[in-house]
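1. After the sequence you'll find the predicted model.
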Amino acid sequence: MAMDAAPQPASPGKRAAIALAITVALTVAVAAVFGEGAYLWIKAIHVIAVISWMAGMLYLPRLFIYHCDAEKGSVQSETFKVMERRLLTIIMNPAMIIAWVLGLWLAWTASYFTSPWFLAKLILVLVLSWAHGYFSASVRAFAEDRNEKPPRHWRLVNEIPTVLMIFIVILVIVKPF
Ligand code: HEM
């Protein structure tokens, strides 16, 4: 007797599109319900998303450092693969999408697109997003036992999100120029 096929999880691209659509719909709903007061609510959710994104950006390279020391094919190595995939797909990808959508909404609402501090923040956030893409590709490399980079590489890479985060927060809060 033929077995029913197990339901396949949606592809990362499809999940990202769904997360994007939900975020945009919720942003429009919050803006419609709260009117003038929506700005602070959206900003609060933006900061919550940013904290979740940064938690992953700071922890994932740490997992890579430990993963390097685990023998390929060992139980430990397989456990790290699951932890890395879940951290990326359940926390980091949706958090990054929410941070981007709400951040752009805030900038558009407050007309920040010509402010030098905002453009500088935007450049640093683009670099942070590039680092996210690099981590995402690295999760795939570890999952396929293709990583050749030593722990020292991941220790160095670990500093990139930290340094970017410090300058991004100073730019958006102090607005020095
Ligand atoms: C993903 C793209 C991002 C965009 C387009 C964006 C844009 C913005 C905008 C326009 C504001 C409102 C500023 C104000 O009302 O004074 C804001 C607030 C804020 N953003 Fe972002 N942001 C992004 C990502 C980030 C990241 C990665 C961080 C931290 C690492 C961050 C941290 C903050 C903080 C702490 C605030 C609150 C500032 C305040 O109320 O004084 N943002 N963001």
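-> Sure, I can see it. Numbering: from 1, shown residues only.
2. can you give me the helices in the protein?
-> 12-34, 38-69, 75-86, 93-109, 116-143, 151-157, 159-174 (DSSP state H).
3. can the ones you listed go into TSV with extra columns for mean neighbour count and mean pLDDT?
-> (Glycine included, C-beta is placed from N, CA and C.) Shown next, in TSV, are the helices of the chain (neighbours: other Cβ atoms under 10 Å; pLDDT from 0 to 100):
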stretch	mean neighbour count	mean pLDDT
helix 12-34	14	82
helix 38-69	18	96
helix 75-86	15	97
helix 93-109	20	96
helix 116-143	16	98
helix 151-157	15	96
helix 159-174	15	98
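4. I'd like those as JSON lines, with distance to the ligand appended.
-> Shown next, in JSON lines, are those (distance: least, Cβ to the nearest ligand atom, whole Å):
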{"stretch": "helix 12-34", "distance to the ligand": "12"}
{"stretch": "helix 38-69", "distance to the ligand": "4"}
{"stretch": "helix 75-86", "distance to the ligand": "21"}
{"stretch": "helix 93-109", "distance to the ligand": "2"}
{"stretch": "helix 116-143", "distance to the ligand": "4"}
{"stretch": "helix 151-157", "distance to the ligand": "17"}
{"stretch": "helix 159-174", "distance to the ligand": "4"}
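5. if I look at Phe113, how far off is Leu104?
-> Distance of Phe113 to Leu104, computed by Cβ to Cβ, to the nearest Å: 9 Å.
6. ditto for His67
-> Per Cβ to Cβ, His67 is found 34 Å from Leu104.
7. Repeat that for Ile51.
-> Distance of Ile51 to Leu104, given as Cβ to Cβ: 18 Å.
8. Same question for Arg86.
-> Counting by Cβ to Cβ - Arg86 and Leu104 are separated by 27 Å.
9. do the same with Thr27
-> From Thr27 to Leu104 the distance is 10 Å (Cβ to Cβ).
10. What sits closest to Ala99 if chain neighbours are left out?
-> Ala49 (4.2 Å; Cβ to Cβ, 6 or more residues apart in numbering).
11. Tyr134 now?
-> Val157 (7.8 Å).
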